[in-house]
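>>> Here is a sequence with its predicted model. Questions after.
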Amino acid sequence: MSASSEERERWNHRYRDNPEGWLDPDSFLAQAFTEFVQPQYPRGGNVLDLAGGAGRHSIWMAKQGWKVTLIDISETGVEQAKKNAGPLASHIEVVVDDLTEFRASQTQFDVVMVFFFLNRGIFEEIVKTIRPGGLLLYKTYTREQLKRPGGPKDPLHLLSSGELLRLAGGLQVLHYREALAEKATAEIVARKESPK
């Protein structure tokens, strides 16, 4: 079994075992939306949710009137996203794909959001996917999570201190925070500058 097949099966299993555990969006999304997204896009727009799983963030954005594209490796997660979206499902395009090979397409998005997923090798492609003037919302675990229960334990999936700022180096940082609450995380809101 290939690494991506193992990863897909692992996530399919997690979504099957705990379907109710993937419903509530992370509080950072609502905060970032109110402070940064809504003022810039009062009439909505299009958003890409990378590693969107069972759709907790996609559904929240669809409720705000946004057109969403969700990409995830897990067929089970994507099926749950469609089911959980109910009447909003028509506002969410779902794609099952292995993000380790993610490449920016012709479509650019007003907002790209990534929650609790890290693949440094595709960060440049993620940035290419953001429309000039658009926003990146990104939150994931830091290496401090190794000292806490839960979360990934492989350093490949954990940010070092300040690393998210470095990865987003070509973007205008509007908000950045590293937190040590029940989870050790880093979060950023950054804008892609329009060409001069």
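Sure thing, it's come through. Numbering: from 1, shown residues only.
>>> what residue lies at the spatial centre of this protein?
Val114 (1.6 Å; Cα atoms, centre = their mean).
>>> that's a strand at it, yeah?
Yes: Val114 sits within a strand when classified using DSSP: H, G, I helix; E, B strand; the rest coil.
>>> bridging residues for it?
Leu50, Tyr138 (DSSP bridges).
>>> Number the residues from 222 up from this point.
With 222 as the first residue, the last one maps to Val335.
>>> Can you list the low-confidence ranges for the chain?
222-225, 229-243, 417 (pLDDT under 70).
>>> picking that back up, look up how far Thr290 lies from the residue nearest to the centre of the chain.
13 Å (Cβ to Cβ, to the nearest Å). C-beta: built from backbone N, CA, C; applies to glycine.
>>> Residues in contact with both of these two, list them for me.
Counting by Cβ atoms under 8 Å, 6 or more residues apart in numbering, the shared contacts of Val335 and Thr290 are Asp270.
>>> Can you read off the backbone torsions of Gly354?
phi 90, psi -10 (degrees, to the nearest 10).
>>> so who does it touch?
Contacts of Gly354 by Cβ under 8 Å, 6+ apart are 261, 412-415.
>>> Give the burial count for the spatially closest residue to Phe323 that is not a sequence neighbour, as a bare number.
Once flanking residues are discounted, Phe323 sits nearest to Ile343: 4.5 Å by Cβ to Cβ, 6 or more residues apart in numbering. Using other Cβ atoms under 10 Å, Ile343 is surrounded by 20 other residues.
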